[in-house]
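>>> Predicted model, plus sequence, below.
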Amino acid sequence: MGGKKERQKQKSYKSKDKIVLPPELPPDVADEDVVISDEDVAFVSQNQSYAALLSRLDTTSITKHVSRVANANKDDVEALYERRSRNKILGEEDNVKALQVDRVNALPVKTPDGQLVYRTVPNKPKPGHDGDEQLGNASGIIKLNKAERRENFKKKKRDEKKNAKQLPDTHAEQPLDPLNSQSQVLAKVKEDISAAKSAEIKQQKMAELGTALLEDPESNIKSLKDLIGFCRDKDNVISKAALLSTLIVFRDIIPGYRIRLPTEKEQQMVLTKFQKKLRFFESTLLSSYKAFIQRLISLLHLPEFHRVAVRCLCTLLDAHPHFNYREYLMQPVVEYLNSSDDVVRKRCVTTIQSLFTSEGKHGGEATVEAVQMISDLVKIHDCQLHPESIEVFLALSFDEDLKRSEKTDEKEKGKHKKQKGRKNYKEEAQPVISDKKKSKQELLSRTREEVNADFKAASFGQDESERKRMQTLTLSAVFNTYFRILKNTLYPVAQMSKVDAMSLGGHGGSHPLLSPCLKGLGMFAHLIDLDFMADLMKHLNILASGSSARNMEKSLLTVSERIECCIVAFKIMRKNLDALNVDLQDFYIHLYNLIVEFRPGRDQGEVLAEALKIMLCDDRQHDMQRAAAFIKRLSTSTLCFASAESMAALVTVRSLLLKNIKCRYLLENDSGGGSLSGSVAKYQPYSLDPHLSGALASVLWELNLLAKHYHPSVRAMATNISQISTHPNQVYKVTESPQQAYHNLVLERESFNVKFDTKTLSHKRKRSKSSMLVDNESSSGIDEDVLRGKLCDYFNVVHDIVEGEKLRRDLDRTMVSLQLHEEYKKRKSSKQ
């Protein structure tokens, strides 16, 4: 018994001397990371009794453990620490691949057995964490104590602050990307797909859709919306290709009739499968067509899409003027008749002209709408438009048989009334028709009306009354526009209200629409109502005189425009010869004075040649005094004209001399003038009236100078005129008109070169021998080869300078385009 007690006492002493390590503490948390809320502070202050736990702690046992570890040998303590960590690693074989989360920071899960299981994460080494890093292998792990961890954490904070102070600009230049991880992944995927591949995919898709629509439009009509969707692509090349592809599809699949949407009653009706398919096709086609037109109209204001949009609108209007939404197509096309872009304006002009010439496609309705829109456009802009905007009226064609039928109907009605008034007594004496005959006649009339109605319905031609109505509307709009232009021209530019009297590209000066207006009046003069003829001739007389209705002295028009007024007056007179009785003497006076004011480089020679043909050559008979005055005036003016205008004037002089035998006496060379004198004994060259000029008392001495003209054609014509005999029985044949002579010389002018005579001219005065010697020495001292070489060198230098300027301009343009392309890339990359 005693031995047992001694053994127990030894064990108790050993257990007291045994070193017991303190339990593992939870991981340290930095003071900066600890956040105490106001609610926690309030809770502790209200419930101070809960903090009594701290007062009941056994401080003696704690100090006992600490003192044991502190008084023990350091080597034994370190061996115990290593053994405990090694046992912990060997005991947790199941959790080798997992790292247990700190129990302080994670909530455990309680199993049905009552055990607490903590969440774990894969044990992956984290580079850069020096303070909490575990170094070693399975044999052992070295951990830093609490003080070392705090020091490392504070060092990290200091280093971060230093780096932030040293590199403030780099952080400003590289702002944080606000996009989330998903958007970053999508951006990387988009960057990987190249722009060329995406564009090629889109083009292939457009080609597939277009081919399917062209092969079977009724079955694949749904894909039309997808094709129009490509027109809104951000890439300009893809959107332009989509616009042109959609244009081709619409041009081919649009039917030859106008689609009418079903009413509410028709929608409630039971339809067959074919009717449902057709109705769906028509509704989808109409909605897509409207969306496409709206897209084109919205693109008209963008410079990169302007020409493509106008091309699509013009093509659709030209190909299908009968289809729906025609007014939406026609409005921009008519507005761009006044465009400053020559390509756009010419395309619109050709479209409107084809619309006027092909009335079979739309039955004349589109013609009426286009003419009325142009008339409103002229009114809005106060006649300040491009001349081509109303030159399209010259493409109109009117059926003259409709007016003739109206006149014949009126004549027949008048005759019937006269005959009925004469034969009233006979009709009363005629026997009464029986009821059977009346019923037969009524039956015959009904059957005729039904047959006529069926014939009209079956025939593709338009009703004659409808054609008359549309032709009347077109004519009224055209002449309303022409008369508005004439009225606008009568007022001076300074007195016009809200009118920009600027030159539209050198076309017509302050009245750009007057010249095409006069051409149209001359073309449609036979369709003008006779009630307006007197006022029209009065206005033309005022315009030809060069004055306005308010100011009779100031000239408003150019010489060419005033000559055109005279031409139009003669055309109107000749086309309405039976109905008009107007004296044209004033227009002869205007032409007589305008010949002196004519300048070849400033005015149009073609207009002068036309006036000479219509007013002087086409008339069979002329007053002798007037013919002689024009012969003399043209001969004198020819000395100042160019070759083409001179040829037209000489052809007119020859025609007048051949028609008027007494005017041939102007070719005689008497000392006192011509052998035949009129009421005026002496020639008055400055007279304004040709009848008071006394031209018969003059001589055509100008022909002698014209016979030495530089142009051989003018020389030949002058010599031919001077050889005309005064014999009355001599017959001459007129070969060409002034217009033909003018055009022939204009064509020859390009290839004609003036040839100088190298022979020395004879001088009337005798020159001294010394002067002749000096002249010979100076002429012989010039070397032609040297001079030719110097001129060639000069030309080469000038040519190189011009070519260098062109290359510099091209280089500047390419540099600007490259800069714009780089800016576009930067903006595109920043958006992505």
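Good, I have the coordinates. This is a predicted model, so every value here is computed, not measured.
>>> By mean pLDDT, which helix or strand of this structure comes out lowest?
Least confident helix or strand of the chain, by mean pLDDT, DSSP states H and E, is strand 135-137 with a mean of 39.
>>> Can you tell me what sits against the host helix or strand of residue 438?
Per DSSP states H and E, residue 438 falls inside helix 435-458. Here helix 435-458 makes contact (CB atoms under 8 Å, 6 or more residues apart in numbering) with residue 463. All C-beta spots, glycine's among them, are computed from the backbone N, C-alpha and C.
>>> and residue 307, how many residues sit next to it?
Residue 307: 15 surrounding residues under other CB atoms under 10 Å.
>>> what does residue 80 give?
With other CB under 10 Å as criterion, residue 80 counts 15.
>>> Next: residue 236.
Number of residues near residue 236 (other CB under 10 Å) recorded here: 12.
>>> Is it in contact with residue 304, as I believe?
Yes - applying CB atoms under 8 Å, one finds residue 236 in contact with residue 304, separated by 5.8 Å.
>>> What residues of whichever helix or strand comes after the helix holding residue 438 count as buried?
Per DSSP H and E, the first helix or strand lying C-terminal to helix 435-458 is helix 464-489. Going by neighbour count (16 or more other CB atoms under 10 Å), the buried part of helix 464-489 is 467, 470-471, 473-475, 477-479, 481-486, 488-489.
>>> how far off helix 435-458 does helix 464-489 point, in degrees?
60 degrees (axes from the mean of the first three to the mean of the last three CA atoms, to 10 degrees).
>>> Could you list every helix and strand in contact with helix 464-489?
With contacts taken as 3 or more CB pairs under 8 Å, 6 or more residues apart in numbering; DSSP states H and E, helix 464-489 sits against helix 365-380, helix 400-422, helix 514-523, helix 533-544.
>>> Now with 6 Å, please.
helix 365-380, helix 514-523 (3 or more CB pairs under 6 Å, 6 or more residues apart in numbering; DSSP states H and E).
>>> Longest helix in this structure, please.
If you go by DSSP state H, the chain has its longest helix at helix 784-831.
>>> which other helices and strands contact that one?
Secondary elements touching helix 784-831 (3+ CB pairs under 6 Å, 6+ apart): none.
>>> for the record, mean pLDDT for it?
In this model, helix 784-831 has an average pLDDT of 83.
>>> burial count for residue 41?
Residue 41, neighbours per other CB under 10 Å, totals 10.
>>> could you measure it against residue 49, distance?
Taking CB to CB, to the nearest Å as the measure, residue 41 falls 16 Å from residue 49.
>>> what does residue 75 give?
From residue 75 to residue 49 the distance is 47 Å (CB to CB).
>>> cool, residue 601 as well?
Applying CB to CB to residue 601 and residue 49 gives a distance of 119 Å.
>>> Start from the N-terminal end of the stretch 651-800 of the chain and give the helices.
Assigned by DSSP state H, counting those that start in this stretch, the stretch 651-800 of the chain shows helices spanning 702-706, 712-722, 738-751, 769-780, 784-831.
>>> What is the burial count for the nearest residue to residue 681 once chain neighbours are set aside?
Among residues not flanking residue 681 along the chain, residue 697 sits closest, at 6.1 Å (CB to CB, 6 or more residues apart in numbering). Residues within reach of residue 697, counting by other CB under 10 Å, total 22.
>>> Tell me the confidence at residue 697?
85.
>>> That one touches residue 683, doesn't it?
Yes - applying CB atoms under 6 Å, one finds residue 697 in contact with residue 683, separated by 4.9 Å.
>>> returning to what we had before: which of the helices of the stretch 651-800 of the chain sits closest to residue 200?
Closest to residue 200 of those is helix 784-831 (CB to CB; 18.5 Å).
>>> contacting residues for residue 400?
Going by CB atoms under 6 Å, 6 or more residues apart in numbering, residue 400 touches no other residue.
>>> Low-confidence ranges, the stretch 501-650 of the chain, go.
The stretch 501-650 of the chain contains residues with pLDDT under 70 at 501-509, 547-555, 577-580.
>>> Distance check, the residue nearest to residue 681 against residue 680.
7 Å.
>>> and if you look at residue 810?
Distance of residue 810 to residue 680, given as CB to CB: 68 Å.
>>> and if you look at residue 529?
For residue 529 relative to residue 680 (CB to CB), the value is 42 Å.
>>> So the two - more neighbours on which side?
With neighbours defined as other CB under 10 Å, residue 529 and residue 680 compare such that residue 680 has more, 16 against 10.
>>> For the more buried one, list the residues it contacts.
By CB under 6 Å, 6+ apart, the contact list for residue 680 reads residue 694.
>>> Could you do residue 717 as well?
Going by CB under 6 Å, 6+ apart, the list of residues near residue 717 reads residue 650.
>>> What does the pLDDT read for it?
Each residue has a pLDDT score; the one for residue 717 is 91.
>>> what helix or strand does residue 198 sit in?
Going by DSSP H and E, residue 198 is part of helix 195-215.
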